[in-house]
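Asks: next comes the sequence, and after it the predicted model I'd like to discuss.
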Amino acid sequence: GPLPPGPTPVPILGNVRDLTAKELWLAATKWAKKFGDVVHVHVVGQGLVFLSSPEATMDLLDRKGSIYGDKPALVMAGELCGCENMVAFTRYGDVSKRQRKLLNQAFGVQVIPSYHPLIETETHSFLRRLVADPSNYIDHTRRYAGGLTLSVVYGYEAVASNDKFLNLGEECVDLLSNKIASGGGIWPVDIFPSLKRLPTWAPGSGFLLKAAEWKAKMEEFVDQPYEFVKASLKNGNYVPSFCSMLLEDKEKCTPQFEFDLKHTANSMYSASMDTTITVFLHFLLAMEEIDSVVGSDRLPTFSDRASLPFVDALLSETYRWGVPVPLSLPHRLMEDDVYRGMFIPKGSLVFGNIWAITRDEKLFPNASAFLPERYLEKVDPALAKKRDPRSYVFGFGRRRCPGVNLVESSVWLMVTTALATLDISKAKDDFGNPIEPKIDFNNAVFRIPDKFQCDIRPRSEHALKVLRQTDATRL
Ligand code: HEM
C-alpha cells in the first residue's frame with residue numbers, strides 16, 4: 001500500500017521545512033485535520049509518523065506494542081553524550097525490559113503508599129517556600145520535583161536549595177533538554193553517523209568536544225547519588241528508597257544488576273522534573289477553590305481523596321488542558337507494518353499526538369476551556385476510559401510512563417494542599433486591574449509555559465499557621 005498521507009516533501013531534504021522545534025504538536029494537529037489521523041513526513045529519508053486519534057494510538061502503539069516499543073538510536077544523545085542507558089533512550093530488548101521490571105517493582109500501585117510520608121514532607125516544605133517567596137514559584141516547583149525524586153529514588157534528603165545533588169541534577173536536566181536534545185534533538189551526526197569518526201582537529205568537529213564534556217557530567221550524575229546509597233547502606237544509616245529496597249537482596253547484586261539499577265535510578269530525575277513542573281504551572285493557571293471537605297484547621301491527607309471527587313476531576317482536567325508531553329516520546333517501529341491499507345516502513349519514528357487527542361472536540365466538547373466538571377458526568381466505563389486523559393498523557397504501549405503511579409500520589413497531594421492553603425489569582429497592575437498572563441511555550445518536548453505573572457498568597461493567617469506547624473526543619 002501507499003505511505004500514509006502528509007504534507008508534500010521537497011527532494012532529498014523531505015519535510016525539513018515543515019518541522020519546527022516550537023510547538024510542533026500544533027503543526028501535527030493541523031496535518032491531522034487536513035490528511036487524517038495517520039500522517040507521514042520524512043527528514044532526509046527518516047520517516048516520522050504522527051498518530052492523532054485514540055483509535056490509531058491504541059491499534060498501533062498499544063495493541064502492536066511488541067513491534068512499536070523500540071526507541072530511536074540517537075548517536076549524539078545516546079552514544080556520544082552517554083544517555084544510551086537512560087530508560088527513555090534504551091532500545092527495545094533485554095536492557096529496556098530489565099529496567100522496566102525494576103521500575104514496576106518500585107513504583108507499582110501497591111508500593112506507592114510506602115512513599116506517602118516522604119511525599120507529605122516534600123509537599124509541606126514546598127508550600128512553605130512558596131508562601132515565603134511566591135515570586136520564585138518556578139524555582140520552588142523545580143526544587144520540589146528534584147527533592148522528591150532524590151528522596152524516593154536514593155533516600156537522599158536535600159536540606160538546602162544549594163544542595164550538591166540538586167545542583168548537579170539541575171545542571172544535567174538543563175544539559176539534556178536545552179543542549180543535547182535542543183531543537184528536537186536532531187544533530188547532523190544522527191543523520192550521518194560516520195561524522196562521529198571526524199578527527200577532533202577537523203572543521204565542524206566541535207560537537208565531539210562538547211559531547212565529551214557533557215558525557216563526563218552525565219556520568220557524574222549517574223554515579224555520585226548511587227555511591228551515596230551504597231555508602232549509607234554499608235554504614236546502616238539509610239532512609240528506605242527505590243535503590244536501598246532493590247540492593248537489600250545481596251544475592252541479586254551482580255555487576256549487570258547494579259548497572260541496570262544505577263541507570264534506571266538516574267533516568268527518573270530528568271523524567272520527573274519538567275513533567276511535574278508543567279502540571280503544577282498549568283494548575284496555577286487554572287486555579288479553583290476547595291473548602292468543604294478539609295475545612296481550614298488541617299492540611300489534606302491521602303485519606304481525604306475518596307471524599308474529594310472534584311479535586312480528582314480538576315487533576316484530570318489539568319493533565320488534559322496542560323498536556324505535559326504533547327507528542328509523547330517517539331517510538332521506533334521494528335518491522336514493516338500495514339495499517340488500514342497504508343504501508344508504515346520499519347525504522348519509522350512514531351509519535352502519539354496527545355495534543356490532537358486531548359483537544360478533540362468530539363471527545364472533549366469546548367476542548368480549549370478548563371472544565372473539570374466534564375468528568376463528573378456518569379458514563380459507561382468504556383467511554384469513561386476513552387475520556388480519561390490518563391489513557392494518553394503518560395504515553396503508550398510498552399514505553400508508557402513508569403512514573404504514573406508516583407505522579408498520581410505526588411501531584412494529587414501538591415494540588416490539594418495548594419488549594420487548601422493558597423489564594424492564587426491573576427497579578428494586578430498599579431491600578432489594581434488584573435493582568436492577563438502572557439503564555440508562551442518554548443520547549444521542544446515539554447509544554448512548559450514560560451514564566452507568567454501570578455499572585456500567590458496564603459489564604460489566611462490561619463492557613464499560614466497550619467502550614468508553619470508542619471516540620472519546618474527543612475528549608
Ligand atoms: C505529570 C508527570 C509525568 C508525565 C505527564 C509523564 C509522561 C511521560 C510520557 C508521555 C512518556 C513517554 C512514553 C512513551 O514513550 O510512550 C514518559 C516516559 C517516561 N517517564 Fe514519565 N511522566 C511524568 C512523570 C514521571 C515521573 C515522576 C517519573 C519517575 C519517577 C517518570 C519516569 C519516566 C520514564 C523512566 C520514562 C521512559 C519510559 C520508557 O521509555 O520505557 N515520569 N513519561
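Replies: Nice, thanks for sending it over. Residues are numbered from 1 along each chain as shown.

Asks: neighbours of K451, how many?
Replies: Neighbours of K451 under the rule other C-beta atoms under 10 Å: 14. Placement of C-beta: from N, CA and C, glycine included.

Asks: surely it meets I138?
Replies: Yes - K451 is within contact range of I138, at 5.8 Å (criterion: C-beta atoms under 8 Å).

Asks: roughly how far does M414 sit from I277?
Replies: According to C-beta to C-beta, to the nearest Å, M414 stands 11 Å off from I277.

Asks: more crowded one of these two?
Replies: M414 (25 against 21).

Asks: does the more buried one fall in a helix, a strand, or a coil region?
Replies: helix (DSSP: H, G, I helix; E, B strand; the rest coil).

Asks: nearest residue to it other than its sequence neighbours?
Replies: T123 (5.4 Å; C-beta to C-beta, 6 or more residues apart in numbering).

Asks: swap in W187?
Replies: W187 sits nearest to M76 (C-beta to C-beta, 6+ apart), 4.0 Å away.

Asks: could you tell me which residues make contact with the one you found?
Replies: 180, 185, 187, 189-190, 207, 211 (C-beta atoms under 8 Å, 6 or more residues apart in numbering).

Asks: closest to the ligand out of these?
Replies: Nearest to the ligand out of the contacts of M76 is G185 (C-beta to the nearest ligand atom; 13.9 Å).

Asks: isn't L419 up against L315?
Replies: No - the pair L419 / L315 is not scored as a contact, 10.5 Å apart, by C-beta under 8 Å.

Asks: spit out the residues that contact those two alike.
Replies: With C-beta under 8 Å, 6+ apart, L419 and L315 have no common neighbours.

Asks: ignoring the adjacent residues along the chain, who's closest to L3?
Replies: Leaving aside its sequence neighbours, L3 sits nearest to H40 (C-beta to C-beta, 6+ apart; 4.8 Å).

Asks: what is the burial count for that neighbour?
Replies: 23.

Asks: run through the stretch 301-450 of the chain and note the low-pLDDT ranges.
Replies: By pLDDT under 70, the weakly predicted segments of the stretch 301-450 of the chain are 301-307.

Asks: contact residues of the chain facing the ligand?
Replies: Contact residues, the chain versus the ligand (C-beta under 6 Å from any ligand atom): 87-88, 96, 100, 267-268, 271-272, 275-276, 279, 324-325, 328-329, 331, 393-396, 399-403, 406-407, 411.

Asks: just these: which are in strands?
Replies: Counting by DSSP state E, the residues of the chain next to the ligand place H331 in strands.

Asks: so how do I select the buried members of the residues of the chain next to the ligand in ChimeraX?
Replies: Buried subset of those, written as a ChimeraX selection, criterion 16 or more other C-beta atoms under 10 Å:
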select :87,88,96,100,267,268,271,272,275,276,279,324,325,328,329,331,393,394,395,396,399,400,401,402,403,406,407,411
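
Asks: just the ones in helices from the residues of the chain next to the ligand, please.
Replies: 96, 100, 267-268, 271-272, 275-276, 279, 393, 406-407, 411 (DSSP state H).

Asks: list the contacts for the residue nearest to A32 when sequence neighbours are not counted?
Replies: The shortest distance from A32 to any non-neighbouring residue, by C-beta to C-beta, 6+ apart, is to S52 (3.6 Å). By C-beta under 8 Å, 6+ apart, S52 lies in contact with 28-29, 32, 37-39, 353, 356-357.

Asks: read off the pLDDT value for S52.
Replies: S52 carries a pLDDT value of 97.

Asks: and for C253?
Replies: So C253 comes in at 81 (pLDDT).

Asks: that one and D260 touch, don't they?
Replies: No - counting by C-beta under 8 Å, C253 stays clear of D260, with 11.0 Å between them.

Asks: can you pick out the residue with more neighbours from those two?
Replies: Shown here are C253 and D260; by other C-beta under 10 Å, D260 has more neighbours (21 against 14).

Asks: residues contacting G341?
Replies: Counted by C-beta under 8 Å, 6+ apart, G341 has contacts G1.

Asks: look up how far L60 lies from it.
Replies: From G341 across to L60, the span is 14 Å (C-beta to C-beta).

Asks: could you do P381 as well?
Replies: Counting by C-beta to C-beta, the gap from P381 to L60 is 23 Å.
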